[in-house]
Each structure stands twice: as C-alpha cells, then as structure tokens.
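Participant: The amino acid sequence is not available; the structure is as follows:
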DNA sequence: GACCTGCTGCGGATTG
C-alpha cells in the first residue's frame, strides 16, 4: 500500500531541514513511494533494512536522504557511512550523484577503488569523515594493509549500505563481503545498521539472511518495497528453424544460417532508435555484431551496431555506454550480461533476447532496461531450433530450447524468480579470509579465528573439526605456520600470496592475452585461442589481422582487416536451470494452449515439439529405449539432475546429461528405472560422501589449498542436493 | 548450454 497523504507529508517532515531545502532546489514535485517508505523506516527505526524497487525508481536517494539527515552537523572523526558497490563504474556514478546532495550538506563523499588516485586515498586515511564508496576488494585491501587502522578509520560508522544486493548473494564475493562486514563490527565492538538496495529479489528470506545472518541478529531487517505499478510489456517470440537443405544463399552463411535471418530481422526492426540485444555468450555477441556492422557498411549507412562484453577494454565499453547515455543518435548495443544492471544508461526503446535466457531473474532484469517514460517495455525473443527428422533423438526432437524459453517467460509473467543459492560452505573464501585475518591482526590463534569467522561469523556451516583439519592442511601447504604459543602466522608461501594484489578478490581470473591496435587497448582474449602472426580475428564487432604476438608479455598487436575469425571464449557448463522451470516445461508439453506472443514459426515449432513429446509417450513414461541404451527424463533442474547423475555413476552406471535427459548406454529402460528407484530411496542423500566420488571438485580460487573434507563439503553444498523433490513420475 | 566482478605500496624520476 502506498503511504497516505498524511504519512507522505510526515516522511518529508522527518528529514533534516537542509535535506528538505536540497529537495526543493531539485524542484521535485513529490517523493517516490519507495523514498517515502524508506525515510519512515530508516529515521523511525533503528534496525537493518532492505530497500527494493525497480531500476531508476530512486533507491539511492531513498536510502541516502534519510541517512544524510542523520549526518548533518556530526563532526565526529571517522567514516560515518560505508557504501559497498559491486562495480567501479557504479561507484563513480553514485559518487557523482551523491556529491550534489552532500556538497550542500557539507558531508564529504570519498570513493576508493583500483582507479582512485593515491592522493585521494591518503586524504581519507589522514582525515576520515563522511561517506566512503568502496568495492569489496578495496575493503579487503584496507584490512590486509592497514589492519591496525581500521578501528580509527571507521570509529564513527553509523550505516553500511550495500548496493545491488542481489549481485552478491550466493557468490564467493558475497561471502567475502559478509565476512568483511562482520570483521568490521568485531573491530568496532558494536553492530552497525545495514541497508541493502536491490531491484530483483526473489526470496526476501534469503536476502534478509544474507544482509545479516540469523546467528548475528536480534531481529530480521525491515523490508521497504515499492508498490508502483509497471507500464506493461509488449512481448513477441520469434522461432527460427534451421533449413533441412541449405540453399545457395544460406551456404554462404554455413556456420549459422538462422543467425543470419535473425540479424536481418534485427537490422530491419531496430535501426533508427536505441536498443539492447542480449546474446548470452561473448562469441555470439561478436558474431552478431560483425554481421550487423557489415550490413550497415553494405547499405552505406552510418554505423549503429556496437558490441559490449566483459572482455572489451574499459575505453571501448565506456564509449558505447556514453553514446547510449547521451541518446543523441540511433544505437543498438549487442551485449552479454554487462548491461543487465548497474550503471545508469537510461532506458532504451526495446530489448531483444537471442536464445534461451540464462534464467527468469536475468530475463526480468533485462526487460527492465526497456520502457521509457510511461511507455510499455518491448521484448523480442529469438529462438533457433535445429532440423529434426524421424531419426532425431527424443531430447533433440521435443524443441526443448523453445519450450524452456516459454517456461521462463510464463514464470516471469507470474512474477516468480529463482531464489539465489544460499547456505553454502565456501571453503575457498574461508581460506582467503583466514589469511586476511592473520594479516589484519599480525597473527591470530585458531580458536579466535574459528570463533570470529565460523561460530559468530558467516562461515557458520563449517564445524570446528572441519576448521581444524583445514588449518592443518594450510600448514602442510606452507601457507601458514603455527608458533609455539599457538599463534597462526603466514608461512613463506602465504606471505607471498597475501602480498600480491591478486589476493584481494575472492574469485578466480583466467589467463588472457591483451589485444592492442595502434597503441589502443581493445580488450582481452583467453589464451586457449590459437594465435599466430597473419591470422585473423573478429573482436569488438570489427575485423582484424594479427601482426605481432608477444608470448611472454601476452600482448597481441592487431591491424584492421577485411577478413576475420570468431574468437573462442572459455566454454563452461552453462547456466543452472531451476527445478521450477523444468516443471513448467512439463506443464507446457501436456497443455494445448499456444501462448499469444508466439509468431507463426514459433507456434509451429511448439506444436511439433508437442507432437514428438506425444510420439515418445513422454506424458506416460520417463524412460525411453534408445539403441541399446536408455533415456531418463526426470523434469529436474540442473542441480538435482547432477546429483542423480553422480548417484548413478557411484552405482557404476555412466550417464551423460543431454538437455532434459540423462542418457545411459548399454542398459534397458527397466534396469535404468530400477537404478533410479534405488537412488531415490537413498534420500536424504549423503552429499559429502557423494562429492568424494566426483572426479573434479576443484573449481574456486582456493579449492587447491583445501583438505579433502572441506573441499567435498564445499562442492556438495554448491552442486548437489540432499533432498531433491521426487521426480515428476508418470505411472 | 554462461556471464560478470576486482587489485597495494614502494622506489625512483620528474616537476613546481
């Protein structure tokens, strides 16, 4: 419910007079509903809060108008507000935004990240005061490098603000942030109010437990939620079918004929205004931008298609972002998740999604980029399907790509999103935090470290015995050593890693070449790419020839060229699909409804998928014979499916995950059914014992340093389910 | 069938 008029005016009245004057100067006609509610919550309450509202609904002001009201005239030495953001570009944006408000209130606003000058940092260290905007990594560096000064710097701390809260939940970086905030409160010997800001939060309990874990709080945070209605969605899903016999024209596009059709459609529909095209993978971004850019050149039109992804240099990305922000000329940006959230690029006229979205949450976030000033958001989805014949395997014949996309759209329209993974063990990040703690205090006993990080801290799923064996393993690895008095110190190797700047991040980074042309940084390329002088490359949506490779410095020099070849970016397993999405797919297969947003080809593909679903009798059985093997369709998400695959492997039944199906060779459907039944009787599953049988459990940054027990527990919490829901079983 | 994120302090040279 929006606040009543009397509540609204009382919100405004709660603000400090100088904050009210600043609002008048902005000539705002009214406060947004999320701002009204946040002012009440923050100024009337004294606990933690989560502020959630759509992009551009004024969340930053919702938090900082009331927070700054409490700061006016407070001259106590020390930083008063610590703001943590996930991106340097976002911190720069927010710094500019807050500076206007805070200048008039005489509250200094500092930023601290890798690109901030040494002199600005020294200014803060000498005279800490006001608001500090920082990344988790730079906060980590403060603890490692200036551990003894943390108490002085933050002596006056009253609020911690976490921006884009959802971007941290469930990740190594999120665990690192939780640990840092807990360590900070330990130094200060008191709790500090936390305020989380987010647009997409599926599960408020998970978000609340992330903001402050239940073992560290008296009461749950207040939830401040905007009730402002959206402006509606215009939605269209286009199907594209690979032709059975390539004709002359498509032969030229032999690599991906339907992508050529998609490019033509985009070219015709998007030219002349601003759009975002989400293409999922960096290689696909390059391929599509290259096609669209060439179409522009051939039509002798000014270039309006540009690429944007994480391997492009900051300069190239900034140019594109800047053009989008200005909105002075038509521009379509083909991107990965880089433009899904964060920095303010303004709204675009429409959004296109190429291929299955990586999840419902991502789809919603992407859609949120479209819809200018009261206009409905426009979303076009393009789905490619392979040629299917009578001999195609069932998992390929049922048009799973299309049906999975329809399932995600349906769930988005129902306002459901995936809850983030929570309650993970995070052994890798625990190693980092233990090494950091030793640096901060100049040594710590194992008992104190356990009490701080695990018993009262965020690593609460690590029992004492596991921590003890972890510490022993780190001694064996020569990362730490134990003094006679029990104090843990860095050993030779530990000293080295902690003193290298790579230490501050909790996540791993791949080895890459740097790409340079005429002294200009273009971006980075994974070293798995075969590179030699004279070979060609497509990068940043343009074509290049390699003129020099410096293998030692890992630098590649490029010059523009007419030919090009698509680069390889690191292949991985693909995004996790949630159980709920797979259940929705089953419901779509067993229904007769055709969603109104499908075009003719997509509708035809859906009917064909349903016909084949019926042909294989998948409504009546989950098991199908195939050659001398068998298929099993559990209608599970990827985590539950991986769990079952590992259980079967432990029973000497080798299965591979092929989309919706588990595929086993040399087995009858009945024998596979018996094995699956036996696996289902094992619940709850001993996932740690199961993880011990998994071939490769080395995934995260510090996994190599973990003892077996902690590594298996980490893998199990991340990749296995103790109690998968019963599979959707036909008779 | 995947994406994204981050980075200190020192010493030495140069400049005001």
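Facilitator: Arrived safely, thanks for sending. The shown structure was predicted, so the numbers you read here are calculated from the model rather than taken from an experiment.

Participant: Could you tell me which residues of the stretch 451-600 of chain A lie near DNA strand B?
Facilitator: A:501-502, A:504-505, A:507-509, A:569-577 (C-beta under 7 Å from any atom of the strand). (Glycine included, C-beta is placed from N, CA and C.)

Participant: Going through the residues you listed, which ones are buried?
Facilitator: A:504, A:505, A:569, A:577 (16 or more other C-beta atoms under 10 Å).

Participant: Restricted to strands, list these.
Facilitator: Using DSSP state E, no member of these sits in strands.

Participant: now for these, which pair is the farthest apart?
Facilitator: A:504 and A:577 (32.6 Å; C-beta to C-beta).

Participant: Tell me the residues of the stretch 201-350 of chain A that contact DNA strand B?
Facilitator: Neighbours of DNA strand B within the stretch 201-350 of chain A, by C-beta under 7 Å from any atom of the strand: A:280, A:281, A:282, A:283, A:309, A:310, A:311, A:336, A:337, A:338.

Participant: can you put the buried ones among the residues of the stretch 451-600 of chain A next to DNA strand B in TSV and add pLDDT?
Facilitator: As requested, those are exported to TSV (pLDDT from 0 to 100):
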residue	pLDDT
A:504	97
A:505	96
A:569	90
A:577	96
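
Participant: Residue A:546: which of those is nearest?
Facilitator: Distances from residue A:546 to these, taken by C-beta to C-beta, are shortest for residue A:569, at 17.1 Å.

Participant: ok, that closest one to residue A:459 distance?
Facilitator: 33 Å (C-beta to C-beta, to the nearest Å).

Participant: ok, now residue A:20?
Facilitator: Using C-beta to C-beta, residue A:20 is found at 44 Å from residue A:459.

Participant: For residue A:720, give me its contacts.
Facilitator: Under the criterion of C-beta atoms under 8 Å, 6 or more residues apart in numbering, the neighbours of residue A:720 are A:639, A:642, A:643, A:646, A:685, A:687, A:690, A:691.

Participant: Same list, these, but as a markdown table with neighbour count please.
Facilitator: Below are the contacts of residue A:720 laid out as a markdown table (neighbours: other C-beta atoms under 10 Å):
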| residue | neighbour count |
| --- | --- |
| A:639 | 18 |
| A:642 | 19 |
| A:643 | 23 |
| A:646 | 21 |
| A:685 | 20 |
| A:687 | 21 |
| A:690 | 21 |
| A:691 | 22 |
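
Participant: Next step: these restricted to helices.
Facilitator: Judged by DSSP state H, those include A:639, A:642, A:643, A:646, A:687, A:690, A:691 as members of helices.

Participant: Turn those into TSV, including distance to DNA strand B.
Facilitator: Output for those, formatted as TSV (distance: C-beta to the nearest atom of the strand, whole Å):
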residue	distance to DNA strand B
A:639	11
A:642	11
A:643	15
A:646	17
A:687	20
A:690	21
A:691	19
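
Participant: Pick out the residue of the stretch 151-300 of chain A closest to DNA strand B.
Facilitator: DNA strand B sits closest to residue A:281 of the stretch 151-300 of chain A, with a gap of 3.2 Å, by C-beta to the nearest atom of the strand.

Participant: Just the helices from the stretch 401-550 of chain A, written as ranges.
Facilitator: All helices of the stretch 401-550 of chain A, identified by DSSP state H, counting those that start in this stretch, fall at A:427-441, A:446-450, A:464-476, A:492-498.

Participant: Tell me who's in contact with the residue positioned nearest the centre of chain A.
Facilitator: By C-alpha atoms, centre = their mean, chain A has its centre lying nearest to residue A:167, at 5.5 Å. Applying C-beta under 8 Å, 6+ apart, we find residue A:167 in contact with A:86, A:341.

Participant: which residues in the stretch 601-731 of chain A form strands?
Facilitator: A:623-626, A:629-632, A:655-658, A:661-664 (DSSP state E, counting those that start in this stretch).

Participant: Take those strands and write them to JSON lines, including mean neighbour count.
Facilitator: Listed next are these as JSON lines, based on neighbours: other C-beta under 10 Å:
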{"stretch": "strand A:623-626", "mean neighbour count": "16"}
{"stretch": "strand A:629-632", "mean neighbour count": "22"}
{"stretch": "strand A:655-658", "mean neighbour count": "16"}
{"stretch": "strand A:661-664", "mean neighbour count": "23"}
